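Q: Give me a 3D structure for the following:
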Amino acid sequence: MTNSGLAQINGQRLMASIEQLGQIGIDVNGGVTRLSLSNEELIARQFIIRQMEDAGLHVRQDEAGNLIGRLEGEASDAGAIATGSHIDTVIQAGIFDGALGVLGGIEALRTIREQEIKHFRPLEVICFTDEEGVRFGAGYFGSRAMTGQWNESWLELTDSEGTTLKEAMEYATLDPYGAAFASRSRESIKAYVELHIEQGRVLEEQDAPVGIATAIYGHSWLEVTVRGRADHAGTTPMKLRQDPLTAAAAQLLAIEQIAVEHGGVATIGTLRMAPGAINVIPGEIVFTVDMRHEAAEKLHSMQLAITTELTAIAQQRGLSVSFRTIDSAQPVRSSPSIVDAIAESCKEVGLPGTYMVCGAGHDAVAMNDLTEMGLILVRSRDGISHHPLEWSSPEDCEAGANVLLQTLIKLANELN
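A: Next comes the predicted model:
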């Protein structure tokens, strides 16, 4: 048997697989678009299946479309140690978001099998369905299904072309009404550890290749609709206007200030107006607000403050405003025992233990409802993500995957 303390993944092989996956859905400008259950993502799934099979893993697809590669341990009936992430992307993405976690997990399990490293518990790497939530407006479909949180009402969600999630699942030869059966028991998964790029600048500022997430921001996504009256731009005096766009301008500034006061973050990601003509005062404005915070009570109070202030601004101008919650997730704390295992693994591979709060949501948020969770973050150049310029160096990716490898070995040999 190989001494697990000396085990290292093959960094060149990992980077080659990331670059190969990054060619699926790429455009002439270098941006990658693989929306969930699109043709591009379905092709990418076949690539992942081949990677899992080449790594010597037993591969299956569950009812929600999650791809699971399993490496049996000495006790096949023991709860598995799982890792993984996603391969669906935002529009015009880079090649690392999600992909590093899936391919880094496959590489770690491949290394364990190749080097015949002893492990008591089974190991699994999971490629989750639709983490990003870009195509249908809500995410974590696969991980939520696995943790028993599947909501059949999601099947009626539509993409920009009017395709429902139900139709997309059928196109992918998945039974839309069978996704709830992807649910796993707490006994089947002992722990979940995700490897992901940071998507921010904290690690770069600290000159640290790898970070240990102690918590992950919770989020709440709101759709805000402000209604006024559409009128002629030339014949309607300023004092007679009921312009929802000027009200929205004040509302957006209020959102920014409230987020700062609460120590969280808030982003206006989309904004559209109707009727949208140069010589017509708009009658309706619709925009989205992405709110995030590491503390559940602060996230709640921030949302309450925002909706209260936006309502007051609309009323002052004789307008109406309505709110719709698109998606939400509570902040989660990493398991202290997994954090300790990651920190020990960092030390073993010669890296400092850099602790931080993760501002981006990941499948680890949903998996926290099923099992103990940990998250390893890898430095992102200039903090850029969800963009063609997204980049993490081969050396940093290798370092993160080696930390994952050692962490999985430790957790897989715990007998309790």
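
Q: going forward, measure contacts and count neighbours with C-alpha atoms only.
A: Fine.

Q: Could I get the pLDDT score of Asn416?
A: Note on Asn416: pLDDT of 69.

Q: what's the answer for Ile306, then?
A: Confidence at Ile306, expressed as pLDDT, is 98.

Q: Likewise for Leu375?
A: pLDDT for Leu375: 98.

Q: Output the contacting helices and strands for the helix or strand hosting it.
A: Assigned by DSSP states H and E, Leu375 belongs to strand 372-378. Applying 3 or more Cα pairs under 8 Å, 6 or more residues apart in numbering; DSSP states H and E, one finds that strand 372-378 makes contact with strand 189-197, strand 210-216, helix 336-348, helix 363-367, helix 394-412.

Q: Can you show me the CA trace of the shortest one as CSV?
A: Spelled out, it's helix 363-367. Extracted in CSV, the C-alpha atoms of helix 363-367 (Å, rounded to 0.1, in the frame of the first residue of the first chain):
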residue,chain,number,x,y,z
ASP,A,363,-24.0,22.7,-3.9
ALA,A,364,-22.4,22.4,-0.5
VAL,A,365,-25.2,24.7,0.8
ALA,A,366,-27.9,22.2,-0.1
MET,A,367,-25.8,19.2,1.0
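
Q: got the contact list for that helix?
A: With Cα atoms under 8 Å, 6 or more residues apart in numbering as the test, helix 363-367 has contacts from 85-86, 128, 131, 140, 143-144, 146-147, 192-194, 216, 329, 331-332, 373-375.

Q: Please look at Leu375 and Ile212 and confirm they touch.
A: Yes: applying Cα atoms under 8 Å, one finds Leu375 in contact with Ile212, separated by 6.4 Å.

Q: What strand or helix carries Lys166?
A: Taking DSSP H and E as the definition, Lys166 sits inside helix 165-171.

Q: Tell me the buried residues in that helix?
A: Residues of helix 165-171 classed as buried by neighbour count (16 or more other Cα atoms under 10 Å): Leu165, Lys166, Glu167, Ala168, Met169.

Q: Scan the chain for its longest helix.
A: Of all the elements of type helix in the chain, the one with the most residues (DSSP state H) is helix 296-316.

Q: C-alpha coordinates for it, PDB please?
A: Provided in PDB are the C-alpha atoms of helix 296-316 (Å, rounded to 0.1, in the frame of the first residue of the first chain):
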ATOM      1  CA  ALA A 296     -29.500  34.300   8.700                       C
ATOM      2  CA  GLU A 297     -30.900  37.000  11.000                       C
ATOM      3  CA  LYS A 298     -29.000  39.700   9.200                       C
ATOM      4  CA  LEU A 299     -30.100  38.400   5.800                       C
ATOM      5  CA  HIS A 300     -33.700  38.500   7.000                       C
ATOM      6  CA  SER A 301     -33.400  42.000   8.400                       C
ATOM      7  CA  MET A 302     -31.700  43.300   5.300                       C
ATOM      8  CA  GLN A 303     -34.500  42.000   3.100                       C
ATOM      9  CA  LEU A 304     -37.100  43.500   5.300                       C
ATOM     10  CA  ALA A 305     -35.400  46.800   5.300                       C
ATOM     11  CA  ILE A 306     -35.100  46.800   1.500                       C
ATOM     12  CA  THR A 307     -38.700  45.900   0.900                       C
ATOM     13  CA  THR A 308     -39.900  48.500   3.400                       C
ATOM     14  CA  GLU A 309     -37.800  51.300   1.900                       C
ATOM     15  CA  LEU A 310     -38.700  50.300  -1.700                       C
ATOM     16  CA  THR A 311     -42.400  50.400  -0.800                       C
ATOM     17  CA  ALA A 312     -42.100  53.800   0.800                       C
ATOM     18  CA  ILE A 313     -40.300  55.300  -2.200                       C
ATOM     19  CA  ALA A 314     -43.000  53.900  -4.600                       C
ATOM     20  CA  GLN A 315     -45.800  55.300  -2.400                       C
ATOM     21  CA  GLN A 316     -44.200  58.700  -2.200                       C
END
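
Q: In ChimeraX, how would I select the buried members of the contacts of helix 363-367?
A: Entered in ChimeraX, the line below selects the buried ones among the contacts of helix 363-367, by 16+ other Cα under 10 Å:
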select :85,86,128,131,140,143,144,146,147,192,193,194,216,329,331,332,373,374,375
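
Q: if I pick Gly374, what's in contact with it?
A: Neighbour list for Gly374: Tyr192, Val193, Glu194, Ala213, Thr214, Ser334, Ser335, Ile338, Val339, Ala364 [criterion: Cα under 8 Å, 6+ apart].

Q: what is it paired to in the beta sheet?
A: Taking DSSP bridges as the rule, Gly374 bridges to Val193.

Q: how near is it to Ile81?
A: As defined by Cα to Cα, to the nearest Å, Gly374 lies at a distance of 11 Å from Ile81.

Q: Next, show the common contact partners of these two.
A: Common contacts of Gly374 and Ile81 (Cα under 8 Å, 6+ apart): Tyr192, Val193.

Q: Could you report the neighbour count for Thr163?
A: Neighbours of Thr163 under the rule other Cα atoms under 10 Å: 14.

Q: Likewise for Asn151?
A: 12.

Q: Report the backbone C-alpha coordinates of the strand holding Leu375 in CSV.
A: Included here for strand 372-378 are C-alpha records, laid out as CSV according to Å, rounded to 0.1, in the frame of the first residue of the first chain:
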residue,chain,number,x,y,z
GLU,A,372,-21.6,17.4,7.4
MET,A,373,-20.1,19.8,4.9
GLY,A,374,-16.7,21.3,4.1
LEU,A,375,-15.5,23.6,1.4
ILE,A,376,-12.0,24.1,-0.1
LEU,A,377,-11.4,27.2,-2.1
VAL,A,378,-8.8,27.9,-4.8
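
Q: what is the orientation angle of that strand with helix 394-412?
A: If you take axes from the mean of the first three to the mean of the last three Cα atoms, to 10 degrees, strand 372-378 sits at 160 degrees to helix 394-412.

Q: now strand 372-378 and strand 210-216, what's the angle there?
A: Orientation of strand 372-378 against strand 210-216 (the same axes, to 10 degrees) gives an angle of 140 degrees.

Q: Going forward, count from 26.
A: New numbering, starting at 26: the last item is strand 397-403.

Q: Run the chain-centre distance for strand 397-403.
A: Centroid separation between strand 397-403 and its chain, computed with Cα atoms, centre = their mean, to the nearest Å, is 12 Å.

Q: before we move on, the earlier item: name the surrounding residues that touch the longest helix of the chain.
A: For helix 321-341, the surrounding residues in contact (Cα under 8 Å, 6+ apart) are 243-245, 251, 269, 272, 275-276, 279-280, 283-284, 287, 289, 316-318, 345-346, 348, 355-356.
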